[in-house]
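*Asks:* Structure for the following, please:
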Amino acid sequence: MSKVKVFIIEDDFIHANRLEMYLDEMGYELAGTAVGASQALNLIAATKPDLLLVDIHLAGDRDGIQIVENINKKKAIPVIFITSYRDKETFERAKLTDPYVYILKPYDKETLQAAIELTVYKISKINDTQIQNNYHGWNNDRLVKDELFIKSNGILIKIKLSDILYVEAKDKMCIIGMAEELIETRMSLQKLEEKLPIDRFLRIHRSFIINTKEISQINLSKNEVQLGPYKVPIGRSYKEPFINSIDSNID
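*Replies:* Here you go, the predicted model:
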């Protein structure tokens, strides 16, 4: 598990400090900051952030829109534009770079929080569609860095799919079991199941989904599987489909 990494491009010291403070209070990781094009492009390539907060009006030969255009030529990163410019021309230029959200100054922490959550939600929806449309040939490129974005304890976090051992529905929430920690989220088991690639994850009980790539032992006499330090039950009605799935993978 890791925090969502946010990179700031802002040449106003006061606004940059405010953004850093807000991100820290909201539980996000600051990937880095830059005041201009060359600095931003070099640091973004090195830090690989999940999303960008970009002020449009910057000192120098390139503004925020031009920097994002340059980034998009290599690898598009979700962008939230922040600006005091309210003219239609600026908005139309910004729109061509496909930003996720456009915030006008002045803004508060709640506005920024909503913008980031909306951006991550849009990313996850795109990934869900790609998984559903391409599940036969699913690969890591179908998800952003092979990661799942979820909200836990009021904070957006990202989890590598390969780190998930199992998911359990419990008391109107879900527990995501990983080798060294358990993460709680209010997302339903059904919603999580929709987000997980079917060539790797399988429901074996009405309350459990497992990562089939991480099975270390199967005990059919006890109707359970071992995944890392965890033992997960196999539901009676799920047993035959589970065995058939394992047999087909062996073949």
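*Asks:* Next, work out how far apart residue 88 and residue 95 are.
*Replies:* 10 Å (C-beta to C-beta, to the nearest Å). To be clear about C-beta, it is placed using only N, CA and C from the backbone, and glycine gets the same treatment.
*Asks:* Name the residue in the two with the higher neighbour count.
*Replies:* Per other C-beta atoms under 10 Å, whichever of residue 88 and residue 95 has more neighbours is residue 95, with 12 against 8.
*Asks:* Check the gap between that one and residue 50 for me.
*Replies:* In terms of C-beta to C-beta, residue 95 sits 22 Å off from residue 50.
*Asks:* And for residue 60?
*Replies:* In terms of C-beta to C-beta, residue 60 sits 25 Å off from residue 50.
*Asks:* Look at the two and report which has more neighbours.
*Replies:* Taking other C-beta under 10 Å, residue 60 and residue 50 do not tie; residue 50 has more neighbours (25 against 13).
*Asks:* what's residue 193 in contact with, if anything?
*Replies:* With contacts defined as C-beta atoms under 8 Å, 6 or more residues apart in numbering, residue 193 is in contact with 167, 201, 203, 209.
*Asks:* need those residues in CSV with pLDDT, can you?
*Replies:* Below are the contacts of residue 193 laid out as CSV (pLDDT from 0 to 100):
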residue, pLDDT
167, 96
201, 93
203, 95
209, 96
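*Asks:* Looking at the residues you listed, which is nearest residue 11?
*Replies:* residue 167 (43.5 Å; C-beta to C-beta).
*Asks:* neighbour-wise, which of the contacts of residue 193 leads?
*Replies:* Each of the contacts of residue 193 was scored by neighbours using other C-beta under 10 Å; the highest score is residue 167's, at 24 neighbours.
*Asks:* What residues are bridge-paired with that one?
*Replies:* residue 176, residue 209 (DSSP bridges).
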